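# Sharing a sequence plus its predicted fold:
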Amino acid sequence: MPDAVLLARVQFAFTIGFHIVLPAFSIGLASYLAVLEGLWLRTGRQVYQDLFQYWLKAFALVFGMGVVSGVVMSYEFGTNWSVFADKAGPVVGPLMGYEVLTAFFLESGFLGIMLFGLRRVGPGLHFLATCIVALGTLTSAFWILSVNSWMQTPQGYRIDAAGRFVPTDWLAIIFNPSFFVRLPHMVIAAYLSVAFFVGAAGAWHLLRDRGNIAARTMFSMAMWMATIVAPVQIVMGDMHGLNTLHHQPAKIAALEGDWETTHDAPMILFGWPDMQKQRTEYEIAIPHLGSLILTHDWHGEVKGLSAFPPQDRPYAPVVFWAFRIMVGLGFLMAAVGLASLALRAGGRLFHARWLQWIAVAMAPAGFVALLAGWVVTEVGRQPYTVYGLLRTADSVSPVALPGVATSLAAFAIVYFIVYGSGFAYLLALVARPPLPAEPGPHPAMPTHAAGITPGPAAAVATGERR
């Protein structure tokens with residue numbers, strides 16, 4: 001039977017699972033909107049303005065849902081994790097406060113101009129507002145990843161007589177040992193997730209109308225992102241793994257399915273880590289490859305889970321399979337990017353219906369990989385909230401099982417209704433093809449009213465089809 005600690009973890013995992021998708025969507029989409037508006041201002045091509053207005057409505061919806069889901073999580077620190085809030089609050093509290101004072105103020109202060117201000121402030125200042133909102137989303141990622149990275153690799157603190165973490169070096173706290181790999185890894189994941197969602201929308205409309213200029217443009221841009229950024233993410237993942245091997249070897253042992261410490265660790269492709277038998281059942285492995293990938297040495301030493309006390313081991317089956325989902329989808333996204341590059345070189349990018357169907361099917365691929373990566377990170381950190389220092393069982397609020405179970409059920413019902421409706425509306429928005437002179441959240445405005453004179457329609461079409 002589950003206990004209150006497990007249900008509190010499940011509730012936080014459930015709420016953050018919804019939340020993490022929404023800020024990632026906002027990060028990627030805000031930058032995409034800034035690129036679209038910048039291209040519109042530079043080239044005067046109406047297609048970029050149409051796409052900007054098309055995706056601006058989706059951004060407004062996702063941003064709003066993300067803000068609400070983030071507020072809920074803040075309350076959970078008090079309701080379910082009050083001991084953690086008390087002990088780690090002197091470090092975590094100010095960092096999260098900085099996120100509000102910088103990122104959220106930037107986003108909320110300029111969001112209204114971005115959504116409704118084009119005809120009032122003009123294209124130049126409107127573009128500046130869009131860029132500031134995009135910067136705000138990246139700043140938010142900076143502070144939140146700093147908090148999470150500190151919980152994974154804590155430094156720059158002392159523990160006082162009451163057992164609280166007291167800051168001694170804020171620069172060491174913010175720029176902790178894992179921050180420099182976690183931040184780019186997360187931002188790139190957000191960009192890839194949005195690229196495949198945008199690419200899926202473009203592919204969907206191309207399948208219905210191959211001549212849709214806006215659909216061709218968004219599909220082409222998304223495939224460029226997949227081609228260039230997916231391989232970069234694989235490299236960042238390797239760097240992240242090396243950092244984790246140094247600071248959290250138990251997590252690496254769990255995600256690799258290794259039980260014995262060895263100098264010639266295999267790479268286990270598939271299997272089932274059995275926590276009771278302390279071995280990976282049904283494994284399919286490649287000898288030595290684990291050592292080579294993790295240590296860049298054919299005979300590099302890799303610690304197994306048996307090197308750690310049973311009470312200090314993360315639950316390996318979840319970490320093991322979540323890691324394989326993340327990596328498998330990452331390589332699949334890179335393969336789609338390379339396939340699109342080959343088709344582009346042959347002038348067949350907009351004619352390969354098979355690639356477009358694959359792109360449609362992979363609409364959620366980036367977000368699924370992102371969630372799987374979050375599971376690896378957070379479940380792999382167990383049994384700690386602050387790694388090696390504060391256990392999860394010692395971080396929970398003194399709330400009995402019935403109370404946690406009731407709130408979890410209520411959250412599940414409300415979330416599936418509210419966010420289910422929100423995601424359904426998002427899909428309805430992108431199911432409609434972008435239109436010429438696409439209206440934004442405000443009433444449609446003639447392009448010349450903003451001071452922009454696009455080229456003739458025929459020239460735009462000819463340029464797009466080259």
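Good, I have the coordinates.

# Distance check, Leu292 against Phe320.
19 Å (CB to CB, to the nearest Å). (Glycine included, C-beta is placed from N, CA and C.)

# Of these two, give the one with the bigger neighbour count.
Higher neighbour count among Leu292 and Phe320: Phe320, with 24 against 16, using other CB atoms under 10 Å.

# separation between Gly211 and Phe350?
For Gly211 relative to Phe350 (CB to CB), the value is 9 Å.

# so what's the backbone phi/psi at His263?
Dihedral pair for His263: phi -100, psi 0, per degrees, to the nearest 10.

# same check, this time on Asp274
For Asp274, the backbone dihedrals (degrees, to the nearest 10) come out as phi -100, psi 110.

# who's in contact with it?
By CB atoms under 8 Å, 6 or more residues apart in numbering, the residues touching Asp274 are Thr280, Glu281.

# Could you rerun that using 10 Å?
Counting by CB atoms under 10 Å, 6 or more residues apart in numbering, Asp274 touches Gly257, Trp259, Thr280, Glu281, Tyr282, Ala316, Pro317.

# try Ile20
Going by CB under 10 Å, 6+ apart, Ile20 touches Gly66, Ser69, Met73, Ile144, Met186, Ala189, Ala190, Phe367, Leu370, Leu371, Gly373, Trp374.

# Of those, which is the nearest to Leu101?
When these are compared for distance to Leu101 (CB to CB), Ile144 wins out at 13.6 Å.

# Next, the contact list for the closest one, please.
Contacts for Ile144 (CB under 10 Å, 6+ apart) come out as Ile20, Pro23, Gly70, Leu95, Met96, Glu99, Ala103, Leu183, Met186.

# one more time with 7 Å, if that's ok
Shown in contact with Ile144 (CB atoms under 7 Å, 6 or more residues apart in numbering): Glu99.

# picking that back up, what would the contacts of Ile20 look like in CSV with pLDDT and distance to Val302?
Below are those laid out as CSV (pLDDT from 0 to 100; distance: CB to CB, whole Å):
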residue, pLDDT, distance to Val302
Gly66, 85, 38
Ser69, 81, 38
Met73, 80, 35
Ile144, 91, 31
Met186, 94, 25
Ala189, 94, 25
Ala190, 94, 30
Phe367, 93, 31
Leu370, 93, 26
Leu371, 94, 26
Gly373, 93, 21
Trp374, 92, 24
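
# Show me which of those residues are buried.
Burial by neighbour count, judged by 16 or more other CB atoms under 10 Å, picks out Gly66, Ser69, Ile144, Met186, Ala189, Ala190, Phe367, Leu370, Leu371, Gly373, Trp374 from these.

# Tell me if the third one really is in a helix.
Which is Ile144. Yes: counting by DSSP: H, G, I helix; E, B strand; the rest coil, Ile144 is part of a helix.

# and it, how far is that from Leu305?
Note on Ile144: its distance to Leu305, by CB to CB, is 30 Å.

# How about the first one?
Between Gly66 and Leu305 the distance is 36 Å, computed by CB to CB.

# what does stretch 152-163 contact?
By CB under 7 Å, 6+ apart, the surrounding residues in contact with stretch 152-163 are 87, 91, 165-170, 172-173, 176-178, 247-248, 381, 386-387, 389.

# whoops, I mixed them up, stretch 336-353
Defining contact as CB under 7 Å, 6+ apart, one finds that stretch 336-353 is touched by 206-207, 210, 216, 220, 223, 226-227, 230, 355, 358-359, 362.
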